[in-house]
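>>> Generate coordinates for the sequence data below:
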Amino acid sequence: MKIVLTFLAMISFTVAANLLLKTGAVAGGPEPGGQFTHLVNWRVFLGLVSFGLAACFYILVLQWLPLNVAQSFAAAQFIAVILASTWILSEPIGTSQWVGISLIALGISIVGWS
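The predicted model follows:
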């Protein structure tokens, strides 16, 4: 159970990080003073912190599982980020993305059954 909860924490922080970085990258639009000034805001900072926390949880998982298994289950983060971007940012999911999501889910299922 601790492995599942740790994976869920890692995936949650990864999703939060991606959403924060996306919203931080587009916040306010281009500003005078340089190309990269919009990258220094609280959303970007919290996104980077969230990625760091996700990495900490992933390190715990790596203590308990072989890397090939851990990485296979960690692929669920890709599905979670795509779904969260649809729910929270209203970004569309195209047909090819649904195919990709299905293939990722299938791969995770195969690893889980083996």
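>>> Remind me which helix or strand Ile79 belongs to.
Here Ile79, judged by DSSP states H and E, is contained in helix 76-89.
>>> and that helix, what does it pack onto?
helix 2-26, helix 95-113 (3 or more C-beta pairs under 8 Å, 6 or more residues apart in numbering; DSSP states H and E). From N, CA and C alone the C-beta is placed, and that goes for glycine too.
>>> how about that helix as PDB, C-alpha atoms only?
C-alpha atoms of helix 76-89 as PDB (Å, rounded to 0.1, in the frame of the first residue of the first chain):
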ATOM      1  CA  ALA A  76       1.000   7.000 -15.500                       C
ATOM      2  CA  GLN A  77       2.100  10.600 -14.900                       C
ATOM      3  CA  PHE A  78       1.800  11.200 -18.700                       C
ATOM      4  CA  ILE A  79      -1.800  10.200 -18.700                       C
ATOM      5  CA  ALA A  80      -2.500  12.200 -15.600                       C
ATOM      6  CA  VAL A  81      -0.900  15.400 -17.000                       C
ATOM      7  CA  ILE A  82      -2.900  15.100 -20.200                       C
ATOM      8  CA  LEU A  83      -6.200  14.600 -18.400                       C
ATOM      9  CA  ALA A  84      -5.500  17.400 -15.900                       C
ATOM     10  CA  SER A  85      -4.600  19.800 -18.800                       C
ATOM     11  CA  THR A  86      -8.000  19.000 -20.300                       C
ATOM     12  CA  TRP A  87     -10.000  19.300 -17.000                       C
ATOM     13  CA  ILE A  88      -8.200  22.300 -15.600                       C
ATOM     14  CA  LEU A  89      -6.800  24.200 -18.600                       C
END
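>>> Output the below-cut-off pLDDT ranges for the protein.
Scanning the chain for pLDDT under 70 picks out 28-38.
>>> ok, back up a step: in CSV, list the helices and strands packed on helix 76-89 along with mean neighbour count and distance to Ser50.
Output for these, formatted as CSV (neighbours: other C-beta atoms under 10 Å; distance: least, C-beta to C-beta, whole Å):
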stretch, mean neighbour count, distance to Ser50
helix 2-26, 18, 4
helix 95-113, 12, 21
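>>> Please produce a markdown table containing these, extended by distance to Ala80.
Shown next, in a markdown table, are the helices and strands packed on helix 76-89 (distance: least, C-beta to C-beta, whole Å):
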| stretch | distance to Ala80 |
| --- | --- |
| helix 2-26 | 5 |
| helix 95-113 | 10 |
